[in-house]
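J.: the following comprises the amino acid sequence and a computationally predicted model.
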Amino acid sequence: MNNGFPWVVVNENTGEILAGANDRAKAEAIARVIGGVAKEYALIALHEQVQTRPPERHSRPSTIKESVGDRLFLAGIYLFLLLVLVIILFPLLYIVSASLSSPGAVASGRVLLWPVDFSLRNYSQALGDQRIPLGLFNSLFYTFFGTVISVALTIAIAYPLSRRTFYGRGVLMAAIVFTMLFSGGLIPTYLVVKSVGLLNTRWALLIPQAIGVWQVIVARTFFQSNIPDDLEEAAALDGCGDLRFIWSVVLPLSRPIMAILILMYATFQWNSYFDALIYLRDPDLFPLQLILRSSLVQNTANSSSMALIVLSTIPALIIYRYVHRFFTQGMLLGAVRG
């Protein structure tokens, strides 16, 4: 009996179903622990029922006619979503158009949604600034290492909190959530960073904001819902230690939530400039976003600044390109359930 699981672990000799799983990766992980072969249950059920199931009669699909009120309601929703799309899309199109237009056209206000006097000189001027390559390198450094540190620490604290055998997890979780509601404030945080010697160092942008409370809650809920205690007990009976279990079983089964954590932390690190403004004094350590802020503060929003804004968004779009397929799945699997 599979209890509704789409994938099962089957004994190769007897054909008996040993366990069920939500996906193939989890079924293969269970099979490595308890033995057997991971198979899709639908294929097994189809093979067993093909001889006895009578032929189905094709009938016309029944459709429910929508009322006038339902149609008006859906039309209102579509109009509202279209309005939101226009509000979000208009500034983006304007920035791209201004970055591809001449400075005179931007200053005179002739640019709206389409480039005027098309030119790539704005990008050449933005890339010609000596601060841009160094700022880009610093931003990539902070984003990469900050994301690695944040994801590792989040999993390290979220997984133990998801286990029922971890005593005191309720008190610790309450203390973590308390920090999300009440923080120490900017001045105490600055004094702590200064007292531990992180001021004007790269660590000041990697350590103070390394763990997000919301990310911990989402990851803990994912582990509770998708990593059963029975799997850990079966691995322990085979001599698998805690670290080996996390590395060989938990992490391969947690790719969706890891992808969403990477996306959250990488986006935060790439767009962050306030911490650099507070903690850094050396221009060689400034990230690209802080350089962009300085350019926008010192000058009005000209076409070169628009080009720099477009360039600063390209890495975030590249990151999203490779993790977007896990975004919806990770949010649903890690969502807080009542």
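T.: That came in fine, so what should we check first? Residues are numbered from 1 along each chain as shown.

J.: quick one: low-confidence ranges for this protein?
T.: Flagging of the chain using pLDDT under 70 yields the residue ranges 1-4, 41-64, 298-303, 323-338.

J.: got the domain ranges for it?
T.: As assigned by automatic domain parsing, the chain contains the domains 7-49, 71-119, 129-333.

J.: reformat these as CSV; add distance to Lys65.
T.: Quick note: C-beta positions are derived from backbone N, CA and C, even for glycine. As requested, the domains of the chain are exported to CSV (distance: least, CB to CB, whole Å):
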stretch, distance to Lys65
domain 7-49, 33
domain 71-119, 10
domain 129-333, 31
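
J.: could you dump these into JSON lines with mean neighbour count added?
T.: Shown next, in JSON lines, are the domains of the chain (neighbours: other CB atoms under 10 Å):
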{"stretch": "domain 7-49", "mean neighbour count": "16"}
{"stretch": "domain 71-119", "mean neighbour count": "14"}
{"stretch": "domain 129-333", "mean neighbour count": "16"}
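
J.: just give the nearest non-adjacent residue to Val177, would you?
T.: Of all residues not flanking Val177 in the chain, Val213 sits nearest, at 6.4 Å (CB to CB, 6 or more residues apart in numbering).

J.: just checking, that neighbour touches Ile176?
T.: Yes: the criterion here is CB atoms under 8 Å, and Val213 meets it with Ile176 at 5.8 Å.

J.: what sits up against the strand or helix carrying Tyr123?
T.: Counting by DSSP states H and E, the element that carries Tyr123 is helix 121-128. If you take CB atoms under 8 Å, 6 or more residues apart in numbering as the criterion, helix 121-128 is touched by 99-103, 132-133, 303-304, 306-308, 311.

J.: please save the CA atoms from that helix in CSV.
T.: Listed in CSV are the C-alpha atoms of helix 121-128, where the atom choice follows Å, rounded to 0.1, in the frame of the first residue of the first chain:
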residue,chain,number,x,y,z
ARG,A,121,28.0,55.8,-25.2
ASN,A,122,26.4,55.8,-21.8
TYR,A,123,27.5,52.2,-21.2
SER,A,124,31.0,52.9,-22.4
GLN,A,125,31.2,55.9,-20.0
ALA,A,126,29.8,53.8,-17.1
LEU,A,127,32.3,51.0,-17.7
GLY,A,128,35.1,53.5,-18.2
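
J.: please tell me how far that helix is from the chain's geometric centre.
T.: The chain centre lies 32 Å from the centre of helix 121-128; the measure is CA atoms, centre = their mean, to the nearest Å.

J.: cool, and stretch 16-36?
T.: When distances are taken as CA atoms, centre = their mean, stretch 16-36 is centred 27 Å away from the chain's centroid.

J.: got the end-to-end distance for it?
T.: 9 Å (CA to CA, to the nearest Å).
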